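S.K.: build the 3D model from these lines:
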Amino acid sequence: MAITTIFLSFLLLLFGHANSESQLYDKEQTVLLKLKQHWQNPPSLSHWQNPPSLSHLNSSHHCNWPEITCTNGSVTQLLLQNKNINQTVPPFICDLKNLTVIDLSWNFISQEFPKALYNCSKLEELDLSQNYFNGTIPVDIHRLSHLRRLNLGANNFYGNIPASIGQLMELRTLQLFQCAFNGSFPSDIGYLFKLETLQLDYNVNMTAAELPSSFTELKKLKVLWITASNLNGEIPDTIGEMEALVHLDLSINNLTGKIPSSLFMPKNLSIVYLYRNQLSGEIPQVVEALNIDVIDLSDNKLTGSIPDDFGRLRNMTGLSLFLNQLSGKIPDSIGRLPSLMFLKVFSNNLSGTLPPDFGRYSMLVELKVADNKLEGKLPEHLCDNERLVGVVAYNNNLTGELPKSLGNCNGLKIVTVYNNRLSGGIPSGLWTSLNLSVLILSHNSFTGELPQRVARNLSRLEINNNIFSGTIPVGVSSWRNLVVFVASNNLFTGIIPQELTSLPYLTTLFLDQNRLSGPLPQDIISWKTLNALNLRRNKINGLIPRELSNLAGLTELDLSENQFSGPIPPQLGLLRLTLLNLSCNFLSGRIPIQFENDAYASSFFNNLALCARTVEHQTSQCSPPVKTIDGSAKHHSRVGELSSSKCST
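M.R.: Predicted structure coming up:
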């Protein structure tokens, strides 16, 4: 009898538990389907069905729907990011009594903060980011007392961030980025002692204020991210006491004063972004954070030298110190860092020679050292590991030849070394480097001839003010993607080949101050994109081709100091030229009437046989037309004196 009673009790308990589970299942699924209906049945939730569709027979239980996570058979997580939801968050969402996570990020929800979520009594994570929520954050938001993660970023919330947010004592992550908040950041956030991530970036309407010193009391904080949020004043000296700090980003603010000497002390520090502020003084010389990955202190007012301790950062992949007032030498030890990929120190007052080991031990990708006072050679090993993409070293005092390793560097996209004292030939492989798009060698003493072929992607080639010689090769027709070709002031000879006129994207062609001769090509095939043509000071002769008038985009034309003869094609007057110079040639006849105004008054110096009808352009004046016996009209011109302006010799 006793055994029977126990067995019956067990069956009743089992049945009761099963019945309870069934009721919970039905209730939760009803809530979910009601949610779907409230959100007007978005296609992204079409598989939320009861009974299930044939295509989801294996997903009949809502706990198997991809957006749902269940624990012990009950819904605990709603993961509804990027589902095209554009309706409000309904109060009955909290009828899912065991919800701990709600993620509605990357949707189109527009409403005030849904205070009904206060009824989700177990909620630990709430992500409403990347929507159109508006209004203010309610002052009683601390009622969500179990929250461990709160993300309201990238919405239209405005007004003050309530101080009560500092009462969410369980928070590990607080993300309030990219909103329309004003006022200042509440110092009460500094009471969130369990906080690990604090993201307040791109709140551009915030009142200018200092970084609350209480934030540095957050000893468990790993991420402090307050980019572009109107911070001013100095960085608190206690920032180096944030022993858990990994990622620090205070960039694009108005921070002033010195960088605290303790900044590089936290052992786990990996990312330091302080760029685009008004920081001054020296960079802290002592570095204990040996795991640093990236340092960016660019665009400030920093002085002094680059710390030697930076040469100890064997995990550092990027160092950006450009647009400061740093001086002294780049420590040689930085050139030996095994992880370094990006070095950007341009626009400083750095001097001395570049570390010779750059590229030897690391996968160097970018070397940007322009606008300094550097001397000596470019490091020979720059592309030893064949990862190099850019060498930007213009405006220095560099000497010697380009490293031969650049000739075997197929990843190169940009080489700009103008305004140095470099010399010698160009490594042959550099001209044809597979990905090269910009090559600027101007204002050096490079020698040699132009190649028949260049890199397929080369769009900008500037080699002016060097000692290049030889002819412009007929192979120039293969330079199909060239947009800018500047080769002024070299020793090029021969004619301008017809093949040069077939480049379909060319906008700028400067071949002035060379020794080119012969006539211009008459048949201009593809110069329809040309904006500027400068052939000044050569020995080019013959007629000015009337085909130039077909170049509708041409705004600058300089053919001065050559040996052109004959008339100026009247069709040129149809071009919208902002610069025209035909001086010092042997042109004759009448100036097109469109050029007879003050804007072109100096465009025709020293062409003895040119004349104008109405305005004296430092030329002869055409006399009025005189009727002839047969009734036709003729212009008589009289040759004026040579202008006082002299042609170069």
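S.K.: ranges for the strands of the stretch 51-200 of the chain?
M.R.: Using DSSP state E, counting those that start in this stretch, the strands of the stretch 51-200 of the chain run over 68-71, 74-79, 101-103, 125-127, 134-135, 149-151, 156-159, 173-175, 180-181, 197-199.
S.K.: would you turn the ones you listed into TSV with mean neighbour count?
M.R.: All C-beta spots, glycine's among them, are computed from the backbone N, C-alpha and C. Formatted as TSV, these follow (neighbours: other CB atoms under 10 Å):
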stretch	mean neighbour count
strand 68-71	16
strand 74-79	19
strand 101-103	21
strand 125-127	21
strand 134-135	14
strand 149-151	21
strand 156-159	16
strand 173-175	21
strand 180-181	18
strand 197-199	21
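S.K.: now those in TSV, with distance to Asn254 and mean pLDDT?
M.R.: Listed next are these as TSV, based on distance: least, CB to CB, whole Å; pLDDT from 0 to 100:
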stretch	distance to Asn254	mean pLDDT
strand 68-71	44	96
strand 74-79	39	97
strand 101-103	35	98
strand 125-127	31	98
strand 134-135	28	97
strand 149-151	27	98
strand 156-159	22	97
strand 173-175	23	98
strand 180-181	17	96
strand 197-199	20	98
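S.K.: now these in TSV, with distance to Phe358?
M.R.: Putting these into TSV (distance: least, CB to CB, whole Å) gives the following:
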stretch	distance to Phe358
strand 68-71	50
strand 74-79	47
strand 101-103	46
strand 125-127	44
strand 134-135	52
strand 149-151	42
strand 156-159	47
strand 173-175	39
strand 180-181	44
strand 197-199	35
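S.K.: okay, now the unreliable bits of this structure?
M.R.: For the chain, the stretches flagged by pLDDT under 70 are 1-22, 51-60, 614-649.
S.K.: in it, which spans are helices?
M.R.: Taking DSSP state H, the helices of the chain run over residues 2-38, 428-431.
S.K.: show me which positions of the shortest one end up buried.
M.R.: Taking 16 or more other CB atoms under 10 Å as the basis for neighbour counts, the residues of helix 428-431 that come out buried are Gly429, Leu430, Trp431.
S.K.: on that earlier part again, out of the strands of the stretch 51-200 of the chain, which is closest to Phe564?
M.R.: strand 180-181 (63.3 Å; CB to CB).
S.K.: in terms of secondary structure, what does the closest one contact?
M.R.: Helices and strands touching strand 180-181, as assessed by 3 or more CB pairs under 8 Å, 6 or more residues apart in numbering; DSSP states H and E, comprise strand 156-159.
S.K.: partners of the strand it packs on, with directions?
M.R.: Looking at strand 156-159 with DSSP bridges, its partner strands are strand 134-135 (parallel), strand 180-181 (parallel).
S.K.: my guess is Leu503 contacts Val476, does it?
M.R.: Yes - using CB atoms under 8 Å, Leu503 is in contact with Val476, at 7.5 Å.
S.K.: tally up the residues packed near Ala552, please.
M.R.: 11 (other CB atoms under 10 Å).
S.K.: excluding chain neighbours, give the residue nearest to it in space.
M.R.: Lys528 (7.1 Å; CB to CB, 6 or more residues apart in numbering).
S.K.: quick check, that neighbour in contact with Leu548.
M.R.: No - counting by CB under 8 Å, Leu548 is not a contact partner of Lys528; they are 11.5 Å apart.
S.K.: between these two, what contacts are shared?
M.R.: Residues touching both Lys528 and Leu548 (CB atoms under 8 Å, 6 or more residues apart in numbering): none.
S.K.: quick check: Leu198 vs Asn119, distance?
M.R.: 27 Å (CB to CB, to the nearest Å).
S.K.: show the end-to-end separation of stretch 428-448, please.
M.R.: End-to-end span of stretch 428-448 (CA to CA, to the nearest Å): 10 Å.
S.K.: make residue 1 into 443 and carry on from there
M.R.: All set: I'll call the first residue 443, so the last point we hit is now stretch 870-890.
S.K.: I figured Leu589 hits Met611, correct?
M.R.: No - the criterion here is CB under 8 Å, and Leu589 misses it with Met611 at 9.5 Å.
S.K.: the two: who's more crowded?
M.R.: Neighbours per residue (other CB under 10 Å) separate Leu589 from Met611, with Leu589 holding more: 22 against 14.
S.K.: skip the chain neighbours and tell me the closest residue to the more buried one.
M.R.: Nearest residue to Leu589, sequence neighbours excluded (CB to CB, 6+ apart): Leu610, at 5.3 Å.
S.K.: contact partners of stretch 657-667?
M.R.: By CB under 8 Å, 6+ apart, the list of residues contacting stretch 657-667 reads 619, 629, 631-632, 634-643, 678, 680-681, 683-692, 710.
S.K.: switch to 6 Å and redo it
M.R.: Applying CB atoms under 6 Å, 6 or more residues apart in numbering, the contact partners of stretch 657-667 are 632, 637-641, 643, 678, 680-681, 684, 686, 688-691.
S.K.: what of stretch 534-549?
M.R.: 473, 516-524, 527, 561-562, 564, 566-573.
S.K.: make it 8 Å
M.R.: Residues outside stretch 534-549 that contact it (CB under 8 Å, 6+ apart): 469-470, 473-474, 476-477, 511, 513, 516-528, 531, 558-559, 561-573, 593.
S.K.: what residues sit buried inside that stretch?
M.R.: Here stretch 534-549 shows 535-538, 540-549 as buried, counting by 16+ other CB under 10 Å.
S.K.: can you pull the contacts of the residue nearest to Leu589?
M.R.: Neighbouring residues of Leu610 by CB under 8 Å, 6+ apart: Ile583, His584, Leu586, Ser587, Leu589, Leu592, Leu616, Leu634.
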